[in-house]
Structures are given as C-alpha cells and as structure tokens.
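In: Generate coordinates for the sequence data below:
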Amino acid sequence: MPQPSSDARPLPAALWALMAGNGIIGTGVMIVPGTLNDISSSLAVTVPVAGQLISAAALMMCFGAPLLATLVAQWDRRRLLALAMLWYGVMHLLSAAMPDFSALLVVRVLAVVSPAIFTPQAAACIGLMVPAAQRGRAIGLVFLGWSVASVLGMPLGAWIGGTLGWRSAFALVGLLSLASAWWVWRVMPKGIKPPAFSLGAWRETLQSRPLMLCVAVTALFSAGQFVQFAYLAPYLKAYFDSTPLQLSLMFAWFGVFGFLGNLWVSRHIDRVGASRAVMVSMGGMTLSLALWPVGSSLPLLGLVLVPWALGCFAANSAQQARLAGIAPALASGSIALNTSAIYAGQALGAATGGWLIAQDRMPWLHWAGLAMLLLALLTSWLATRATHGSPHAT
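Out: Numbering: from 1, shown residues only. All right, here's what the predicted structure looks like:
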C-alpha cells in the first residue's frame, strides 16, 4: 500500500496548541484598545494617560523579543512556552485586581513579557517539528491564532469590557492563558531547542540596506495604524456615542475583513510577489485613512474601514515573506527585528495619538496616521529598489 506523502500527513497536535496560544496572546495584546473607555473612567484617568498602557507594553515587546530570545536560547521550548502562557495568565489575573492606574501599568508591562517570548519562539519551533514539505502549512496554522484573535477575541473582549468592566475582560484572558499553559505542556514534545542566531549573522542582518529598509516600513505602517486604531474605542464613543455592542461589532467587522485579506495574501503571494503584496496592503490602509472624513455615521465608517482591514494583517504576513525572500539565511534575525518593529510602531503611534488627544486634536488622528503610511509607501519603494542589487535576493 502506498504511503501518504509527507505534506498530506496530519500536522502534530502541538501546533494546534501553539495556534490557540497565539490566539490568546493576540487577544491579550489587543484587550486594552477594546477596553480603553472603561479603563479610563474606572481608574479616573484621561484617555491619553490610559493609552500609555499600549505604548509601554509595545516598547517592552519591541525590545524584549530579541533580548529575551538570547536569554532563553538554551531552554527546552516545551517548558519555555508553557511557562510563558502561565506567566501571561497570572499577570492578567493580577491586572484585574490592581487598585489604580500606576499599579496596572507596572503589571501590564510585566505581562507582555509573554508575547515577546511566545510568538517568535513558537515560530522558531516549527522547523524542528514538521518536515520541510509541511512547513508552510504549519506556519500558516500557528499564525492563524492572531487572525482568530482579531475576529473573535478582540470583539469579545470589547463587549465584555463594555458590559461587565475591563477587569472581567482581563480575568477572562488570564483564565484562558492558564488553560493554554496546561495544553502546551501536555502536547508539546520535549527536547525542542532551535539553534541560536550567531553574532555574525546579526551583524550581516543589521548591515543589509534592503532588510533594514523593510523593517523601517513595518515600523512606519504600524505607527500609522495605531495613531487611530489605539483610540478607536474612545473615537467611536466621542463622535457616535457607540454602545459596547456596537463597538464589539465594529471590531468584529474589522477582524473578519482582516482575516479575509490575510487569507488572500497567503494564497496568492507567490504569484503577486511579496513586495507588491506589501504595497497593495499598505495602499488599502492609506485609502481608508484618506477617506476617514467620509465616515460620518457608523455604517459609513464601517465601509471606510474595509480597505484598512483587508491590508492590516496581510501587510504583516507579506513583510515576513518579503524578508525571507531577500535573505533566506538571515530570515530568523530579520523576522525577529520585524516583530520588534511592529511593536515599536505601535508604541510610536499610540504615543502620537495620545499626544494629539491631549491637545484636543482627536480629529487629526487619521491625518497623522495617513502621513506615516505615505512615508511607509515611499520607504517600501526604496526597499524594493535596494533589493534588486542585493547579493542575498532570491
């Protein structure tokens, strides 16, 4: 009887646990934008001050991802990933009990040590758990967790936060994280230790103009999005007096189209090309922010959000493929830097948006985001030109 090909065999059960872990990680990361209104009123701080939870956490994830990768290089990944989810759970439960904003800020920064570890280290395990023929499918499954978080986790968190309070939303993430820690520990094989990225490889990565330009693109389009997205809940409350249900539905609407955009890119990127997919994805975000004034009602704003949502997650996926295509041997380091750039952009965007709101300039949020996205498009074009002369390009 003929044996099934390696790419037709079922994927290891551990990958489903990693996918679920990423979904919970993503929900926890996005829980603050969805509950910002309630955090602000409950803890008696302004919206810009509450937004510091986003900026501070993003900075921790930005610098923590590469630094922690070095510190945990020799850890067995079963133990590391289970402990990361356990830490995430405990810190979210502790966050829900914090009496004031200052205490919450400290615990929130400690909590996001887990995203800085879990997502990149889960990705690094895949190559050691499945044969090469299954690697693309396995990566897609594990990172599907973030898309699921955008479709289900973020809207659910926004609805719970708006109806039962932000503490209930944080507590839910905490309980789910504890369940995820148990699942990862039970199904993850022992002895998984991906090789560490060498100092020479880091030097080569940092000296590559195409790679560094691509990383800059990620930081810019992340910042451009988070100027507005970090404060979408307060914006909808201020201009449309949105209810918790309406806010939840708006996040769900965004998440569904984000999932569809990411699905389209994953299926067609080989034909379209990674750099072109990035430009098209960023073009969708840029179009939405340019058309923002047209959204004079919730239904109209929902339509304006569609191009942005289609490009949001797709751009991240296309950027990872782009970096791997420019220098396959350096992909581990360049994708780690790209992850840091995502969070650096989130910190910059949230801080910029918070400053504008503090200056009573909330209507300017989308214009600031638009300027950053236009700069990202220019930088992406320069990165494509630089890639043509790169000795690593494939």
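In: how about V265, secondary structure?
Out: With DSSP: H, G, I helix; E, B strand; the rest coil as the basis, V265 sits in helix.
In: and the closest residue to it other than its chain neighbours, what pLDDT?
Out: Nearest residue to V265, sequence neighbours excluded (Cβ to Cβ, 6 or more residues apart in numbering): A314, at 4.1 Å. Yep, even glycine has a C-beta here, placed from its N, CA and C like the rest. A314 carries a pLDDT score of 85 in this model.
In: pretty sure A314 is in contact with S281, am I right?
Out: Yes. Between A314 and S281 a contact is recorded at 4.3 Å, counting by Cβ atoms under 8 Å.
In: what's the overlap in contacts for these two?
Out: G261, V265 (Cβ atoms under 8 Å, 6 or more residues apart in numbering).
In: circling back to that earlier point, burial of the residue nearest to V265, as a residue count?
Out: By other Cβ atoms under 10 Å, the residues close to A314 number 27.
In: wait, what's in contact with it?
Out: A314 touches G258, G261, N262, W264, V265, A277, S281, counting by Cβ under 8 Å, 6+ apart.
In: give the contact list for A122.
Out: Counting by Cβ under 8 Å, 6+ apart, A122 has contacts L18, G21, N22, L81, V142.
In: Any stretches of this structure with poor pLDDT?
Out: 1-9, 127, 132-137, 139-140, 197, 332, 389-394 (pLDDT under 70).
In: Give the next helix or strand downstream of the helix or strand hosting L141.
Out: Assigned by DSSP states H and E, L141 belongs to helix 135-148. Following helix 135-148 in sequence order, the next helix or strand is helix 154-163 (DSSP H and E).
In: May I have that next one exported as CSV, CA atoms only?
Out: In CSV, the C-alpha atoms belonging to helix 154-163 read as follows (Å, rounded to 0.1, in the frame of the first residue of the first chain):
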residue,chain,number,x,y,z
MET,A,154,-10.8,41.3,20.3
PRO,A,155,-14.6,41.9,19.8
LEU,A,156,-15.4,39.6,22.7
GLY,A,157,-13.0,41.4,24.9
ALA,A,158,-14.5,44.8,23.9
TRP,A,159,-18.0,43.5,24.6
ILE,A,160,-17.2,42.0,28.0
GLY,A,161,-15.2,45.1,28.9
GLY,A,162,-18.1,47.4,27.9
THR,A,163,-20.8,45.4,29.8
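In: how about the strands in the stretch 151-300 of the chain?
Out: Counting by DSSP state E, counting those that start in this stretch, the stretch 151-300 of the chain forms no strands at all.
In: mind listing the helices for it?
Out: Counting by DSSP state H, counting those that start in this stretch, the segments of the stretch 151-300 of the chain that form helices are 154-163, 166-187, 199-206, 209-229, 232-240, 244-272, 274-290, 298-326.
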